[in-house]
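In: got a predicted structure plus its sequence, pasted below:
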Amino acid sequence: MPRYEYRCRTCDDTFEVSRPMAESSAPADCPAGHADTVKLLSAVAVGGTSSAPAPARAMGGGGGGGCCGGGGCG
């Protein structure tokens, strides 16, 4: 279930609420009971691996050349 971050305008506390996406725009009271809250915009970090193949190099289709790109670094 997604977590949404809010800030209370009365006590300036920030808190999170877990709720379904269908209720993402519903108001949330702060833990201290204040109703004057605002939903914060949170950055989402996405990690993992991709199953898509790596793109080929523009010049020559890959392999060789450049420092540590297949050439002899010395």
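Out: Arrived safely.
In: ok, and what's touching the helix or strand encompassing residue 4?
Out: According to DSSP states H and E, residue 4 maps onto strand 3-8. Contact partners of strand 3-8, identified using CB atoms under 8 Å, 6 or more residues apart in numbering, comprise 13-19, 24, 28, 30, 32, 34, 36-40, 42. To be clear about C-beta, it is placed using only N, CA and C from the backbone, and glycine gets the same treatment.
In: filter those to the buried ones?
Out: Taking 16 or more other CB atoms under 10 Å as the criterion, what is buried in the contacts of strand 3-8 is 15, 17, 28, 30, 37.
In: nearest to residue 47, of those?
Out: Distance to residue 47, by CB to CB, is smallest for residue 17 among these, at 23.8 Å.
In: ok, back up a step: pLDDT, distance to residue 6 and secondary structure for the buried ones among the contacts of strand 3-8 - can I get that in CSV?
Out: Converted to CSV, these look like this (pLDDT from 0 to 100; distance: CB to CB, whole Å; DSSP: H, G, I helix; E, B strand; the rest coil):
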residue, pLDDT, distance to residue 6, secondary structure
15, 96, 6, strand
17, 94, 6, strand
28, 95, 5, coil
30, 95, 7, coil
37, 97, 5, strand
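In: any low-confidence regions in this protein?
Out: Within the chain, the stretches with pLDDT under 70 are 44-46, 48-74.
In: switch to 90 and redo it
Out: 1, 24-25, 41-74 (pLDDT under 90).
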